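# Sequence below, structure please.
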Amino acid sequence: RQAFLNRFSIEKSSLFASTSTDKAVDTEKQTVAVSALEKLRAKQQAELKETERLLNSIVNGDDDSVKDDNAPASIAASLAAGKDYGFVSRSEGATIKQQGGGNIPGYGPPSNIWSLGTEQFQRNWNAIRGEYTDESDINLTPTQKELRSKLKDLTLNSTAIWERETAHGPIEAPLVIKIPYIFLCYMLDVVFEGRYVFSRFFLLETVARMPYFSYITMLHLYETLGFWRRSSDIKRIHFAEEWNEYHHLLIMESLGGDQTWWVRFVAQHSAIVYYVVLCHLWAISPTLAYKFSDLLETHAVNTYGQLLDENEEKLKELPPSMAAVEYYTIGASDPFFGEYQTTALSSGGEIRSPGYNMKTLYDVFTAIRADEGDHVSTMKACLDPNVAVNSASLEKKILFGTALVAGVAYFVSTGEILDIDGATLESAGEVLDDGAASTPMVEAAIAAAAGFAQKFVQDEEEGDLAAMSIDLVEAGAIGTALTAVKEGVLKFLEYIFASFV
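This next block holds a predicted model:
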């Protein structure tokens, strides 16, 4: 081991002579590595604390606390507040008998498109005639009947929505997107004026999912054709946005938004047309495609805002649906939950967790309006070349990358390994055993760090990370073999991960 360290010291002197004599540079690299590791550890500790809070809320929560407006907010209280309004979704598609097989009893892939299409056509034809022959009658409880009658009392003034829309000035957009936007709003605000409120929202949320689907489609196509790959991480954000809109849709279905056949017909066919149009619009101009979504999401914010102001007292008397509390409480543990909250990430704020205090429909639609506001901010960020649109998971990747590059840089400069608290181990031998301590492995580890640093130079061209990465790349270290690279990197990663335990 000592012979290895002596040999490594000689090689290090020849490769990194300029940095080994500069203690200030070593200290700077150490500071960068420690800072990145501390930030990453803080995030992981926050996530662990959130998980523990969720467990404690469910295990120790008191169902009676939901009846007390002054009771502390908790996941258990929100879950206890949820009610089943007794609606059966008319939009969920394939039944168990239409599944095409699979290894899990009661679950499998759907059958062919002809079979599914025929069944769905027959169901909708029965619906047009006022029949639902394939569904058993639902016996509503007195509570469910009362809740449904209260839902019908909710109102939504389309004129007031447009007053909100134009309060900050006229709508500014090219005619190529302004005309279809106004037409879509006409369908939402004029056709549904005076009708069941949640039917309007069902159409809105069905259509609102399509932009993100089209963006992912086109980004994937651009990657496949070799046109563009630098926006690949944004696909995750767009999927998180689509996943969020999907659960908004489930909430509207749980409140009876899809019960009328013509509402489903208009919503589903509009969504298909919207998807095709947006794919072509993206091909012509991604900027116009993002701008169109910006307009639509802004309209959604104004619509939900009008609902809350116009029906505040009524909504506060209604409990949240089960679909709402499940998504905003249990669903908050999903890695995609909060990925669309890019504004909170860029501003250094915390991810919203509305499920801790969701006792009424007013709380539900307040959370939905906030979600739509996050979508607006993300679309605006996608239009701004000076704004980095990063998700929470991408930030973790950057933090870990910073720690990895800075840690290896400090290692090759000093021969010491950083501890998680900023201290250094006695020597590299505490991590590298005799069998692994070989010159090819060290060179490969250095080369891996250099390659990793080069990638970060492309993505992060400012700050200490870029300067440190350039130092590594300019060192000119080249790996000797793929196996050696894997050994070296895995050893270093093993130490990094061990530090978090």
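# neighbours around residue 38, how many?
By other C-beta atoms under 10 Å, 15 other residues sit near residue 38. To be clear about C-beta, it is placed using only N, CA and C from the backbone, and glycine gets the same treatment.
# who's in contact with it?
Residues near residue 38 by C-beta atoms under 8 Å, 6 or more residues apart in numbering: none.
# And it, how far from residue 45?
Residue 38 sits 10 Å away from residue 45, going by C-beta to C-beta, to the nearest Å.
# Then residue 367?
26 Å.
# same deal with residue 383?
Residue 383 is 35 Å from residue 45, by C-beta to C-beta.
# More neighbours: which of these two?
residue 383 (16 against 11).
# residues touching that one, list them.
Residue 383 touches 287, 290, 291, 294, counting by C-beta under 8 Å, 6+ apart.
# ok, 6 Å please
Listed by C-beta atoms under 6 Å, 6 or more residues apart in numbering, the contact set of residue 383 reads residue 290.
# same question, residue 327
Counted by C-beta under 6 Å, 6+ apart, residue 327 has contacts residue 247.
# Residue 308 now?
By C-beta under 6 Å, 6+ apart, the contact list for residue 308 reads residue 365.
# Could you rerun that using 8 Å?
Counting by C-beta under 8 Å, 6+ apart, residue 308 makes contact with 315, 362, 365, 366, 369.
# now the helix or strand encompassing it: mean pLDDT?
Here residue 308 sits within helix 286-310, counting by DSSP states H and E. Helix 286-310 shows a mean pLDDT of 92.
# buried stuff in that helix?
Neighbour-count burial for helix 286-310, counted by 16 or more other C-beta atoms under 10 Å, picks out 286, 288-308, 310.
# Please export the C-alpha coordinates of stretch 263-277 as CSV.
Extracted C-alpha coordinates of stretch 263-277, given in CSV (Å, rounded to 0.1, in the frame of the first residue of the first chain):
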residue,chain,number,x,y,z
VAL,A,263,-69.3,15.7,-23.0
ARG,A,264,-67.1,12.6,-23.4
PHE,A,265,-67.5,12.7,-27.2
VAL,A,266,-66.5,16.4,-27.5
ALA,A,267,-63.6,16.0,-24.9
GLN,A,268,-62.0,12.9,-26.4
HIS,A,269,-62.2,14.0,-30.1
SER,A,270,-61.0,17.5,-29.2
ALA,A,271,-58.1,16.0,-27.4
ILE,A,272,-57.1,13.9,-30.5
VAL,A,273,-57.3,16.8,-32.8
TYR,A,274,-55.4,19.0,-30.3
TYR,A,275,-52.6,16.4,-30.1
VAL,A,276,-52.1,16.2,-33.9
VAL,A,277,-52.2,20.0,-34.3
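# Would you mind putting the contacts of residue 308 into TSV with distance to residue 213 and pLDDT alongside?
Formatted as TSV, the contacts of residue 308 follow (distance: C-beta to C-beta, whole Å; pLDDT from 0 to 100):
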residue	distance to residue 213	pLDDT
315	30	96
362	30	96
365	24	96
366	26	95
369	22	94
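# Can I get the buried part of these as one PyMOL selection?
Remark: buried members of those, expressed as a PyMOL selection using 16+ other C-beta under 10 Å:
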select buried, resi 315+362+365+366+369
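# which one of the contacts of residue 308 is nearest residue 152?
residue 315 (13.5 Å; C-beta to C-beta).
# Could you grab the helix/strand/coil label for the closest one?
The local conformation at residue 315, judged by DSSP: H, G, I helix; E, B strand; the rest coil, is helix.
# Would you check that it makes contact with residue 359?
No. At 11.3 Å, residue 315 and residue 359 do not qualify as touching, with contact defined as C-beta atoms under 8 Å.
# Tell me which residues of whatever helix or strand residue 373 lives in come out buried.
Assigned by DSSP H and E, residue 373 belongs to helix 361-383. The neighbour-count check on helix 361-383 (16+ other C-beta under 10 Å) flags 361-369, 371-383 as buried.
# can you check stretch 341-361 too?
341-342, 344-346, 352-361.
# and it, C-alpha only, in PDB?
Taking Å, rounded to 0.1, in the frame of the first residue of the first chain, the C-alpha atoms of stretch 341-361 are listed here in PDB:
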ATOM      1  CA  GLN A 341     -43.100  22.500  -9.600                       C
ATOM      2  CA  THR A 342     -40.000  24.000 -11.300                       C
ATOM      3  CA  THR A 343     -40.700  27.500  -9.900                       C
ATOM      4  CA  ALA A 344     -40.200  26.300  -6.300                       C
ATOM      5  CA  LEU A 345     -36.900  24.700  -7.400                       C
ATOM      6  CA  SER A 346     -35.600  27.700  -9.200                       C
ATOM      7  CA  SER A 347     -36.600  30.100  -6.300                       C
ATOM      8  CA  GLY A 348     -35.200  27.800  -3.600                       C
ATOM      9  CA  GLY A 349     -38.700  27.200  -2.100                       C
ATOM     10  CA  GLU A 350     -40.200  23.900  -0.900                       C
ATOM     11  CA  ILE A 351     -42.400  21.600  -2.900                       C
ATOM     12  CA  ARG A 352     -46.000  22.100  -2.100                       C
ATOM     13  CA  SER A 353     -47.700  19.300  -0.100                       C
ATOM     14  CA  PRO A 354     -51.400  20.300   0.000                       C
ATOM     15  CA  GLY A 355     -52.400  16.800   1.200                       C
ATOM     16  CA  TYR A 356     -51.600  17.700   4.800                       C
ATOM     17  CA  ASN A 357     -54.600  20.000   4.900                       C
ATOM     18  CA  MET A 358     -57.300  18.900   2.500                       C
ATOM     19  CA  LYS A 359     -60.600  18.700   4.300                       C
ATOM     20  CA  THR A 360     -62.900  20.400   1.700                       C
ATOM     21  CA  LEU A 361     -63.400  20.700  -2.000                       C
END
